[in-house]
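Participant: Prediction below, plus the sequence it came from.
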Amino acid sequence: MTHDLVTHLRPLLTAEATAEAYASGTEPGDLEQAVWLRLLERLEADGPPPDPHRWLRTAVRSEARRTLRTARLERPYPAEPVDPAARGPEQLALAAARGRALHEAVRRLPGRCPRLMEAMLSPQDLTYREIAGELGMSQGSLGPERSRCLACLRRLLAPEVAGG
């Protein structure tokens, strides 16, 4: 029964929605969808309308008026200033990929370099004294060791930077 009603009303609904959509400032498909939803709700609650054609015309006009009222009452949010420092999803994804590549290269470093560079890259922003204490080395040897590790890291990353 429901399938026959829907099949029977489809051409009329398409024509009515197309005719009313422009005046209400909506898309015909959106109007059709709203009326189909109303019909399904009606069928569940009260069964089929006694005069489906008349019901459909009334429902289309009612939905068109409702859409028009809603559009008149809606107000856009005030435009927020765009933060030039804010990064979009592409920039965030690229930064994350660069960070992963850097940490992978750091793990391939020889000797104490991986631990030293991880400490230097730590988000905790450790001081030289804290890093030296954590690695069990003198604070004075930290600078030269860091320079050697950075040179080694540059050599590891050079092919990736040149190819990327």
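Facilitator: Received it, and whenever you're ready, just let me know what you need. Residues are numbered from 1 along each chain as shown.
Participant: how much space between Gly133 and Arg155?
Facilitator: 29 Å (Cβ to Cβ, to the nearest Å). For glycine as for every other residue, the C-beta is placed from the backbone atoms N, C-alpha and C.
Participant: could you point out the longest helix in this protein?
Facilitator: helix 139-163 (DSSP state H).
Participant: Got the domain ranges for the chain?
Facilitator: 2-71, 99-163 (automatic domain parsing).
Participant: most packed of those?
Facilitator: domain 2-71 (a mean of 15; mean count of other Cβ atoms under 10 Å).
Participant: Where does pLDDT dip in this protein?
Facilitator: By pLDDT under 70, the weakly predicted segments of the chain are 1-2, 77, 79-85, 160-164.
Participant: Quick check, central residue of it?
Facilitator: The residue lying closest to the centre of the chain (Cα atoms, centre = their mean) is Pro89, at 7.9 Å.
Participant: measure that residue to Gly133 for me?
Facilitator: 40 Å.
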